[in-house]
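Asker: Have a look; sequence and predicted model below, questions after that.
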Amino acid sequence: EENFGEIFAVLTRESGKVIADAIAELREAVDFLRYYAHQAVLQEQTGGQKHRGLISCISPWNFPLAIFTGQIAAALAAGNGVLAKPAEATPIIASIAVKYLHKAGVPKASLQLVTGHGRIIGTELVSHSAINGVCFTGSTATAKTIHKSMADNLDPTSPLIAETGGLNAMIVDSTALPEQAVTDIIASAFQSAGQRCSALRVLYLQSDIADTFLEMLEGALAEQSLGNPWSFETNIGPIINHQAQTQINDYIAKAKSEGRLIKQMPSPSSGSFVGPAIISVNGIESLEKEVFGPVLHVATFEAEDLPEIIGDINASGYGLTFGLHTRIDSRVEFITKNLNVGNIY
């Protein structure tokens, strides 16, 4: 917290975070440190758990300080040594975090930074016989590759803690307060340029309110400002790199050619920006994979379709987050009882 200026500058310059996101990221990193420090004290008071040894912590570029710090703090608090590998795109903020952790008293022998390409460095970090566990956040495909490599090379008791992507849905029915729902949708789908594993990807709108609601949603999206993330006026910053920018723009262009593009904001001509887009789909089953950017898919439904929608969400193979806007208590009970996701809002 004392070094917030340096941290904010690097988060903005290296990963394109707007100031509000940089503030939230630092707060989350601090929360992780305090939480795991408290857990370490509790373990010591209750006799503790046996440490495992050396843990490989492989973190993503979209939360290069918070997730990076959280993984390390968890492993250290349980008495382990850590090899910390940040994403290739964000090594600078990782080096700053490790610098301050060492300065705060973490022994250099217990925490070492390992930078490089995942296919080279990462492969070694999940297959070497000296590794006793892996903590990973990233794509589902990479997590499965890590799982197989660990099974082939590591002790069978070595844990894999993995958080991967999501096709996260929200249901907004005809009883919802539109202004409140729109605010949540804009934040969840487009904050951080949609580059969050918990971001809203598929919005289910009850048909009765769909037309007027979409008009309000389009108006709210038009109020968002794209540009230099260092400016306080900016709401949405750039995509992590030009390769990702091209892939997302190609996806949006295909939807437009099919007549499914509802709305897209213009984007700056320079930099790796993608104009936030709203695209119509039949439902979550229409999506083959996660589009990791500012793209919101919208489907309409009738009230009697809810059981089928819940089944489709559960069958998608993802179960990270879900949002619900309704004022019907029985609907809340039905959906929360039958939905298989980690976090329900």
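Answerer: Yep, it's here.

Asker: Nearest residue to Ala143 in space, please, no chain neighbours.
Answerer: Leaving aside its sequence neighbours, Ala143 sits nearest to Ala162 (C-beta to C-beta, 6 or more residues apart in numbering; 4.2 Å). Where you see a C-beta, it was placed from the backbone N, CA and C, and this is true even at glycine.

Asker: Spit out the contact partners of that neighbour.
Answerer: Each residue near Ala162 by C-beta atoms under 8 Å, 6 or more residues apart in numbering is listed here: Val134, Cys135, Phe136, Thr137, Ala143, Ile146, His147.

Asker: starting at the chain centroid, how far to the helix or strand hosting the third one?
Answerer: Secondary structure assigned from DSSP states H and E places Phe136 in strand 133-137. Mean-position distance between strand 133-137 and its chain equals 16 Å (C-alpha atoms, centre = their mean, to the nearest Å).

Asker: Which strands border that strand, and is each parallel or antiparallel?
Answerer: Within its sheet, strand 133-137 is paired with strand 54-58 (parallel), strand 160-163 (parallel), according to DSSP bridges.

Asker: Out of those, which one sits most buried?
Answerer: Most buried of those, by mean neighbour count (mean count of other C-beta atoms under 10 Å): strand 54-58, with a mean of 26.

Asker: residue ranges for the helices of the chain, please.
Answerer: Per DSSP state H, the chain carries helices over the ranges 4-15, 19-45, 66-77, 91-103, 123-125, 140-153, 178-190, 210-222, 242-257, 306-314, 329-338.

Asker: Name the residues of the shortest one that come out as buried.
Answerer: Looking back up the chat, that one is helix 123-125. Of all the residues in helix 123-125, those buried under the rule 16 or more other C-beta atoms under 10 Å are Leu125.

Asker: quick one: average pLDDT of it?
Answerer: Helix 123-125 carries an average pLDDT of 94.

Asker: One more: the last one?
Answerer: When pLDDT is averaged over helix 329-338, the result is 96.

Asker: Please enumerate residues in contact with that helix?
Answerer: Residues from elsewhere that reach helix 329-338, judged by C-beta under 8 Å, 6+ apart: Ile171, Asp173, Leu306, Pro307, Ile310, Asn314, Leu324, Thr326, Ile344.

Asker: most neighbours, which of the residues you listed?
Answerer: Ile171 (24 neighbours; other C-beta atoms under 10 Å).

Asker: Against Val202, how distant is that residue?
Answerer: The spacing between Ile171 and Val202, counted by C-beta to C-beta, to the nearest Å, is 10 Å.

Asker: Kindly report the same for Thr90.
Answerer: The spacing between Thr90 and Val202, counted by C-beta to C-beta, is 28 Å.

Asker: circling back to that earlier point, which one of the contacts of helix 329-338 sits closest to Glu124?
Answerer: Nearest to Glu124 among the contacts of helix 329-338 is Asn314, at 36.9 Å by C-beta to C-beta.

Asker: so that closest one sits right up against Pro307, yeah?
Answerer: No. With contact defined as C-beta atoms under 8 Å, Asn314 does not count as touching Pro307 (10.8 Å).

Asker: before we move on, back to that, buried among the contacts of Ala162? Make that a PyMOL selection.
Answerer: Buried residues among the contacts of Ala162 (16+ other C-beta under 10 Å), as a PyMOL selection:
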select buried, resi 134+135+136+137+143+146
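
Asker: what's the farthest-apart pair in the contacts of Ala162?
Answerer: Spanning the widest gap among the contacts of Ala162 are Thr137 and His147, at 14.1 Å by C-beta to C-beta.

Asker: Now Asn241: closest residue in space that isn't a chain neighbour?
Answerer: Ser272 (5.9 Å).

Asker: same question, His117
Answerer: Nearest residue to His117 in three dimensions, chain neighbours excluded: Glu88, at 5.7 Å (C-beta to C-beta, 6+ apart).

Asker: Tell me who's in contact with the residue nearest to Asn241.
Answerer: Taking C-beta under 8 Å, 6+ apart as the test, what Ser272 contacts is Gly16, Pro238, Ile239, Ile240, Asn241, His242, Ala244, Gln245.

Asker: what separates the nearest residue in space to Phe68 that is not next to it in sequence from Thr234, distance-wise?
Answerer: Nearest residue to Phe68, sequence neighbours excluded (C-beta to C-beta, 6+ apart): Ser59, at 4.1 Å. From Ser59 over to Thr234 the distance is 25 Å, taken as C-beta to C-beta.

Asker: What about Thr115, how many residues nearby?
Answerer: For Thr115, using other C-beta under 10 Å, the count is 15.

Asker: Can you verify my assumption that it contacts Leu125?
Answerer: No. Using C-beta under 8 Å, Thr115 makes no contact with Leu125, being 11.5 Å away.

Asker: So what's the residue count around the closest residue to Ala169 other than its chain neighbours?
Answerer: The shortest distance from Ala169 to any non-neighbouring residue, by C-beta to C-beta, 6+ apart, is to Val202 (4.5 Å). When neighbours are defined as other C-beta under 10 Å, Val202 has 24 of them.

Asker: again, but for Leu261
Answerer: Counted by other C-beta under 10 Å, the residues lying close to Leu261 total 16.

Asker: Nothing else from me, thank you.
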